[in-house]
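> One predicted model, sequence on top.
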Amino acid sequence: MFKQTGATLWFTGLSGSGKSTLAMALERALVQRGHLAYTLDGDNVRFGLNAGPKILTETRGYSEDQANRFGLGFSAADREENIRRVSEVAKLFADAGLFALTSFISPYRKDRDAARKIHDQNKTGALPFIEVFVNTPLDTCEKRDPKGLYKQARAAVATGRAAGFTGVDDPYEPPLSPELTFDAAAQPVEQGVELVLGHLEAKGLLT
Ligand SMILES: Nc1ncnc2c1ncn2[C@@H]1O[C@H](COP(=O)(O)OS(=O)(=O)O)[C@@H](OP(=O)(O)O)[C@H]1O
Ligand SMILES: Nc1ncnc2c1ncn2[C@@H]1O[C@H](COP(=O)(O)OP(=O)(O)O)[C@@H](O)[C@H]1O
């Protein structure tokens, strides 16, 4: 019915690197061409399926104990679980025939590799998984700092507190062999959209 094969486009990069801007522009471009596409990002996932303990107690009626068991923050273990759940959801979207676009820092290589593996283990055969590294240098992300989070993290670290903020005092492991790399410090978003569309076309995914 959809006249397309589903696929997951996995955007990874630092906070402020341009993941969401590129994913949203691509979603628009795909939809304009008559394809079904949907973006999963912090705004629709970390306030819903993967909400943190505070949201769960304040708006969902969870007890503190439940909220601490099921809510997700930014420890390495919570990030791993965040990415695992997002991978499973993206896989279902792709299995249903959509382009699933995911925009998460996903800082750990093993978690992104696990996301890819989840797509290999589909009952109807491996689903296409395309890793897009949004490779914007930390200093550019930090200058942009649209939410002021880098500033807050630097201030915490300067006073001897841990911020656990990616790129400041928490790791980001760049992909070793992503399908695509986009430098959002040097290239406009339209160029990123063309890059990804070109790849999808070359792989026969836009028929
Ligand atoms: N400690 C810490 N480290 C990094 N980022 C933080 C942190 N705390 C909150 N935020 C905000 O949450 C967004 C990242 O969430 P993600 O779900 O993409 O993170 S992860 O993939 O689980 O690592 C990220 O949003 P983006 O800027 O859209 O990437 C931040 O705004
Ligand atoms: N290719 C680009 N060129 C210039 N600025 C960009 C580009 N992509 C994103 N930006 C800007 O960078 C900031 C962070 O982008 P965003 O997409 O929110 O990053 P992320 O989702 O990775 O946190 C925003 O202010 C956005 O307008």
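Right, received. Where do you want to start? Numbering: from 1, shown residues only. Ligands and ions are numbered 1, 2, ... in the order given.
> can you pull up the bridge partners for the closest residue in space to P174 that isn't next to it in sequence?
The shortest distance from P174 to any non-neighbouring residue, by Cβ to Cβ, 6 or more residues apart in numbering, is to F133 (6.6 Å). (C-beta placed from N, C-alpha, C; glycine too.) Beta bridges link F133 to T12, T181, judged by DSSP bridges.
> From D43, how far out is F133?
Separation of F133 from D43 (Cβ to Cβ, to the nearest Å): 21 Å.
> between those two, who's got more neighbours?
Shown here are F133 and D43; by other Cβ atoms under 10 Å, F133 has more neighbours (22 against 11).
> Contact partners for the more buried one?
T12, G13, P174, P175, P178, L180, T181, F182 (Cβ atoms under 8 Å, 6 or more residues apart in numbering).
> do the same with H119
H119 neighbours (Cβ under 8 Å, 6+ apart): T8, S87, A90, K91, A94, A126, L127, P128, F129.
> what separates the residue nearest to P174 from L149, distance-wise?
From F133 to L149 the distance is 21 Å (Cβ to Cβ).
> out of the contacts of F133, who's nearest H199?
Nearest to H199 among those is L180, at 5.7 Å by Cβ to Cβ.
> What score does that closest one have for pLDDT?
On pLDDT, L180 comes in at 98.
> residues touching the residue nearest to it when sequence neighbours are not counted, list them.
Spatial nearest neighbour of L180, excluding adjacent residues (Cβ to Cβ, 6+ apart): V132 at 4.7 Å. For V132, the contacting residues are L9, W10, F11, T12, L22, P178, E179, L180, T181, F182, V196, by Cβ under 8 Å, 6+ apart.
> let's see it at 7 Å
Listed by Cβ atoms under 7 Å, 6 or more residues apart in numbering, the contact set of V132 reads L9, W10, F11, P178, E179, L180, F182, V196.
> Including neighbour count and distance to S17, could the residues you listed go into a markdown table?
Below are the contacts of V132 laid out as a markdown table (neighbours: other Cβ atoms under 10 Å; distance: Cβ to Cβ, whole Å):
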| residue | neighbour count | distance to S17 |
| --- | --- | --- |
| L9 | 29 | 15 |
| W10 | 29 | 14 |
| F11 | 30 | 9 |
| P178 | 18 | 13 |
| E179 | 16 | 17 |
| L180 | 18 | 14 |
| F182 | 25 | 9 |
| V196 | 24 | 15 |
